[in-house]
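S.K.: predicted model and sequence below, questions to follow.
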Amino acid sequence: MRKITFAEAINEAILTAMRESKDVITYGLGVPDPKGVFGTTLGLQDEFGEARVFDTPTSENAMTGVGIGAAINGLRPIMVHQRVDFFLLALDQLINNAAKWNFMFGGVCRVPITIRLIVGHGWGQGPTHSQNLQSLFSQIPGLKVVIPTSAYDAKGLLLESIFDDDPVIFLEHRWLYGLKSNVPKSSYRIPIGKANLVNEGSDLTIVALSYMTIEAIQAIKELEKIGVNCDLIDLRSTSPLDFELIRKSVKKTGKLIAVDSSSKSFSVASEIIADCAIESYNYLQKPPRRVALEDAPAPTSFGLTNSYYNGALEIYNEAIGLLGIKEENTGSKFIKEKPHDVPGEWFKGPF
Amino acid sequence: MRKITFAEAINEAILTAMRESKDVITYGLGVPDPKGVFGTTLGLQDEFGEARVFDTPTSENAMTGVGIGAAINGLRPIMVHQRVDFFLLALDQLINNAAKWNFMFGGVCRVPITIRLIVGHGWGQGPTHSQNLQSLFSQIPGLKVVIPTSAYDAKGLLLESIFDDDPVIFLEHRWLYGLKSNVPKSSYRIPIGKANLVNEGSDLTIVALSYMTIEAIQAIKELEKIGVNCDLIDLRSTSPLDFELIRKSVKKTGKLIAVDSSSKSFSVASEIIADCAIESYNYLQKPPRRVALEDAPAPTSFGLTNSYYNGALEIYNEAIGLLGIKEENTGSKFIKEKPHDVPGEWFKGPF
Amino acid sequence: MNLSELQASMLRIRLVEESIANKYSEQKMRCPTHLSIGQEAIAVGVCSNLTNEDQVLSSHRAHAHYLAKGGCLNSMLAEIYGKVTGCSKGMGGSMHLIDKSVGFMGSTAIVGNTIPVAVGSALAMKIQEKKLISCVFFGDGATEEGVFYESINFAIIHNLPVLFICENNLYSVYSGLEVRQPKGRKIFEMVRAFGIESSHGDGNNVQQVSDYVELARDKILSGNGPQFLEFDTYRWREHCGPNYDNDIGYREEEEFLEWKKKDPLKDIFENKDLDLVKVLFNKFNAEIQQAHHFADNSEFPSDKDFQQIINS
Amino acid sequence: MNLSELQASMLRIRLVEESIANKYSEQKMRCPTHLSIGQEAIAVGVCSNLTNEDQVLSSHRAHAHYLAKGGCLNSMLAEIYGKVTGCSKGMGGSMHLIDKSVGFMGSTAIVGNTIPVAVGSALAMKIQEKKLISCVFFGDGATEEGVFYESINFAIIHNLPVLFICENNLYSVYSGLEVRQPKGRKIFEMVRAFGIESSHGDGNNVQQVSDYVELARDKILSGNGPQFLEFDTYRWREHCGPNYDNDIGYREEEEFLEWKKKDPLKDIFENKDLDLVKVLFNKFNAEIQQAHHFADNSEFPSDKDFQQIINS
Ligand SMILES: Cc1ncc(C[n+]2csc(CCOP(=O)(O)OP(=O)(O)O)c2C)c(N)n1
Ligand SMILES: Cc1ncc(C[n+]2csc(CCOP(=O)(O)OP(=O)(O)O)c2C)c(N)n1
Ligand SMILES: [Mg+2]
Ligand SMILES: [Mg+2]
């Protein structure tokens, strides 16, 4: 099967959806511009015209309300923002309207809107261009929150989100855009709320999401070398959250590490650990651990981001710490071939 | 000592602060009107004039930015909103600016703003007038989140918040406004981040906040009657959160119930249980429990709010469930003398 | 609709609202309730020019809009009583009315936040090539929200079939215009400078409102773009709840009396044909009494209803 | 400041910006960086009329404003290099500049969100009875945010000493005005209808900018209320980053060349007194080279620095 990038998979999902249904529209600042939101919206306006694919003013709150209005009239809007952070201007429309609309009108009026939000990372994105707000969105009843890792998942989950009848927050980590995986050309969907068991092992359960799953994959490969075999669960969505799969895994392994890309307090990792304490108490053999950021805004400086962010090394270290393996026994290394603040050699800034 | 209501205590704290420092200003929609935000801002404009106490347009986002601008110039603004829900319009200013300003400018510019937000409850407040968003605010590094229960705490914590050099979200539950406690006339402060051990007992730790502490007090009184003695911790603030006191208590009791006024997933109660699982694993004798709302918007109908909301009865039942006491042994009752959707007989609507 | 039909519609709304005011103290309508008494002419003048497929969105003060658009009275009262027979099955209360069968698409409790939603409805109409308009009601206070400005901006750019109706009743809760907007601001003139066609009229003159809206709707449908209308009016009772509150000090009794003289219903009360008026009163009061009876005797939603809605 | 001082200030800014563009590919300035090349006249014309106590707030495109206001060059470059000697100790980068000692109160990366902050500064000045003004720079894109409208509204009501400077460079990233604002919209005319005094000028003519601002500042200080100025200008390079991008298709090379002819620095480049120009070039280039050297050789912030800031 052909391999395409995450960004191409997103693009293909939108193309597919817009061909399947003329109800699908796509808009957002820069959607039809030459860069096409990191390539994800390229070609759309050419194929579907200016009525269904359009640019917008910098008016995040109104544009969200406009999407809701279109959605309650049978359209399936896809709205895009170049950064999650900009979308904080629209939380009234999101939380007071989109999330509650069908409920507060007694279930007679659904809001099938999909909101694509890009999470910045590295190259000095800093405090207001790299926030990880998955738990903020997940705590709002009435929203679904999807957060894919692989190109394959991105396409299948985005298609599912677009055709879901409820509002979906779709979080795309900037560093995943260049990563490739096998992606069928066909239209396929992945159900929201089912996590992905990326690796099987009986020693330890690692739950991760989005880009942190990529780091976790590296970590478990190294752990395998010292005889530690992990269940690695990629959440795929944080609301609904697939607690069942996690519980099943912890029942087997008795040990849990929850990895998150956000600051640690009130994170998705916290929620997973809380559920584990409540529901899997009898199986937990050790205190669970959280690999997440310090409770601080993201710094800009290259001199700080290396220690601010977690990666495979930190996951690895928590794992051997949890398992009581002495570090000197492992000798493992995670050598970085590229500067820590870029997704790949090809990246030269500026955003 | 004289007893005054929670609302009077808030009013007195603002009066006191404005007398102590001419840097303190108070504003918000309705602040100088005849109702004075449920009485909490009465008399302020008369005493301090229109420059320091003023009404505003319905422009939540700009008014928050205005407060930030005033704060970086040495003022100590107190901004008031009649409901938390309205403040969702201002989350860009709150999260991208207020919370990060001092950080993103390298620590050279503090933002001493206090934002009073009122949490609605009952009498058909419904989906957009009774949200409990403490964990949404608490997850943002750079914000303090204060959530008092007693009139005494309200005054001392509000004074501390006003004179704190960082932005503080101050959450006031509508049903506390009529409750009285001993409140000194003097100016006193209660540090932010120290929880209050309301009751001591060695059988069970109950952590609660805001109005839920009132319900928990009723529950532990009934529990005492059947020989169950509880540590009851009133959080007072959810960021910073006094994990130390909770850990100390759980070390003693081995059992934890976290009570929250919000929906259960991604709640403050979740965070407390996560911390407990991580830090107090060795002391926990039973799976911890969470008393919080279902993950759903708040319904309006009187026919639904009784079962939607938790109270003393639900806390009591979780406690005996956790302790393995058979319900029929207890015979305990929580008879409500008033309709379940009002704070007291005196309340006749409309908001 | 001729003048007397417009008047009848206003009278019906007035009587519904007064019945709510009268019965509110029974404490069976347990939710915040914002009455439109004194403001009926705008609702009726506007909606009398709309078809069932044209859409309306509204705010916290929505009863008159809902009824004028043809929303079911039983369902509205049942909603205010919190019953499962309510238009929102008791989930929303007075501030969350909906009746899609007549194009009343919803009202919400957050100031200004249905304005962009109405623009989105208009966008859908344009994309779906329907010859319809979307209409949104809001108050003078809502024009202070940034989303108001953003929404009009977008509607102009895309030439959307949307009619903005501003009911200027001088107050936002207990705050007068002088603390919220620049002196001398004329809302309809300001928005004209945004780039939208705009006019201003007497909101207590139902015929004038209707005439303006007829023209505006025609303009929209002939592709002249979105239209804005501001109407002056006055709320008689307290901001929220059933009582009068001129005594509490935020406005003068004289101001109120001045506006009461301009009662949009005065023609009907001064009508010589007393018999006709009486017939109308009786007819509406009977209907209203029956509707209260229906609402009062309906069931509350069950926990199962609630679960069904949140899990649907 | 006479004409040649204004020009010298513009030249210095131009040379700083070009040095950043030239060195960006070294990959030592690792943050999103928005250059103001082509837009220097507004920054200089405005700030030359402000005292050190007058305040300025700005946006993502802040280098010129910071330098024109007198912000320390070493600290700015060090900030872009992510060093602890930076004005924000490396926490903020290019988009978060501050130099309180000269009244440059901050720039932020979220479009429009310093506009109300500047209004708040003006509120503080009014309450503290200071005879100063607060000034905020923003682009044409920022005027589409609701908070822009809300902020001006509040500034008018309270008659605050704030000067709004809109730099209209026709684009928001790669989106032209035609997809973001109504045809024929004149921003300065629209805001006049909000109720604020407003004018419009040539943003590439530093003397004109300066004259307008001198007048506006006087008006503000004599109690005439907030003032709004819109200036036309053009960004020469890509939205973010060091390169030219007329080839990618969102704008025409001709448009760019047209604007290049209107280079705000053309007088200096066409100046007959070549020696004087050379002296200035050399002086500034030496200073700039030294500043890059300073920045490049400064330390990164340590984890301890980071901890100190977040726990302070
Ligand atoms: C965003 C928001 N801010 C504040 C409120 C509180 N509030 C409810 S109704 C109202 C008055 C709004 O005035 P206007 O738009 O003129 O409508 P009117 O009540 O006069 O009909 C206010 C401020 C709210 N519901 N939402
Ligand atoms: C709220 C928000 N939306 C979107 C962006 C992305 N963005 C960064 S700069 C910019 C352009 C804004 O245009 P304008 O205000 O005209 O400034 P210019 O770049 O032209 O100087 C945009 C849209 C942002 N930073 N913040
Ligand atoms: Mg009004
Ligand atoms: Mg621009």
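M.R.: Yep, it's here. Keep in mind that this is a model prediction, so the values were computed, not measured. Ligands and ions are numbered 1, 2, ... in the order given.
S.K.: that's a strand at A:Phe170, yeah?
M.R.: Yes: the assignment for A:Phe170 (DSSP: H, G, I helix; E, B strand; the rest coil) places it in a strand.
S.K.: any idea what it is bridged to?
M.R.: Taking DSSP bridges as the rule, A:Phe170 bridges to A:Arg116, A:Val146.
S.K.: that one contacts A:Val119, correct?
M.R.: No: contact criterion C-beta atoms under 8 Å: A:Phe170 and A:Val119 do not qualify, at 11.0 Å. Using the backbone N, CA and C atoms, a C-beta is placed for each residue, glycine as well.
S.K.: from ligand 3, how far off is the residue nearest to A:Glu337 when sequence neighbours are not counted?
M.R.: Using C-beta to C-beta, 6 or more residues apart in numbering or on different chains and skipping the chain neighbours, the partner closest in space to A:Glu337 is A:Glu345 (7.9 Å). Using C-beta to the ion, to the nearest Å, one gets 60 Å for the distance from A:Glu345 to ligand 3.
S.K.: A:Ile217 now?
M.R.: According to C-beta to the ion, A:Ile217 stands 58 Å off from ligand 3.
S.K.: for that residue, which residues are in contact?
M.R.: A:198-199, A:232 (C-beta atoms under 8 Å, 6 or more residues apart in numbering or on different chains).
S.K.: look up how far A:Ala151 lies from the residue of the stretch 201-350 of chain A found nearest chain D.
M.R.: Closest residue of the stretch 201-350 of chain A to chain D, C-beta to the nearest C-beta: A:Gly303 (2.2 Å). Counting by C-beta to C-beta, to the nearest Å, the gap from A:Gly303 to A:Ala151 is 33 Å.
S.K.: tell me the residue furthest from the middle of chain C?
M.R.: C:Lys304 (32.2 Å; C-alpha atoms, centre = their mean).
S.K.: quick check: C:Gly146 touching B:Asn61?
M.R.: Yes: contact status for C:Gly146 versus B:Asn61: in contact at 6.2 Å, counting by C-beta under 8 Å.
S.K.: name the residues contacting each of the two.
M.R.: Common contacts of C:Gly146 and B:Asn61 (C-beta under 8 Å, 6+ apart): D:146-147, D:150.
S.K.: most neighbours, which of the residues you listed?
M.R.: Each of the shared contacts of C:Gly146 and B:Asn61 was scored by neighbours using other C-beta atoms under 10 Å in any protein chain shown; the highest score is D:Val147's, at 32 neighbours.
S.K.: what comes up buried for stretch A:27-41?
M.R.: A:27-33, A:35-41 (16 or more other C-beta atoms under 10 Å in any protein chain shown).
S.K.: pretty sure the residue farthest from the centre of chain C sits in a strand.
M.R.: No: under three-state DSSP, C:Lys304 falls outside any strand and is assigned helix.
S.K.: could you show me where the helices are in the stretch 1-150 of chain A, in order?
M.R.: A:6-20, A:44-52, A:60-71, A:91, A:101-104, A:134-138 (DSSP state H, counting those that start in this stretch).
S.K.: interface residues of the stretch 1-150 of chain C facing ligand 3?
M.R.: C:139-141 (C-beta under 5 Å from the ion).
S.K.: of those residues, closest to chain A?
M.R.: Out of these, the member with the shortest distance to chain A (by C-beta to the nearest C-beta) is C:Gly141, at 15.1 Å.
S.K.: for the closest one, give me phi and psi.
M.R.: The phi/psi pair for C:Gly141 (degrees, to the nearest 10) reads phi -60, psi -40.
S.K.: which ones are touching it?
M.R.: By C-beta under 8 Å, 6+ apart, C:Gly141 lies in contact with B:57-58, C:111, C:171-173, C:175, C:180.
S.K.: do C:Asp218 as well
M.R.: By C-beta under 8 Å, 6+ apart, C:Asp218 has no neighbours at all.
S.K.: for it, grab phi and psi.
M.R.: Dihedral angles (degrees, to the nearest 10) for C:Asp218: phi -60, psi -50.
S.K.: picking that back up, now render the helices of the stretch 1-150 of chain A as a markdown table, adding mean pLDDT, distance to B:Gly69 and mean neighbour count.
M.R.: Formatted as a markdown table, those follow (pLDDT from 0 to 100; distance: least, C-beta to C-beta, whole Å; neighbours: other C-beta atoms under 10 Å in any protein chain shown):
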| stretch | mean pLDDT | distance to B:Gly69 | mean neighbour count |
| --- | --- | --- | --- |
| helix A:6-20 | 98 | 39 | 22 |
| helix A:44-52 | 98 | 40 | 15 |
| helix A:60-71 | 98 | 21 | 31 |
| helix A:91 | 98 | 21 | 27 |
| helix A:101-104 | 98 | 34 | 27 |
| helix A:134-138 | 98 | 25 | 26 |
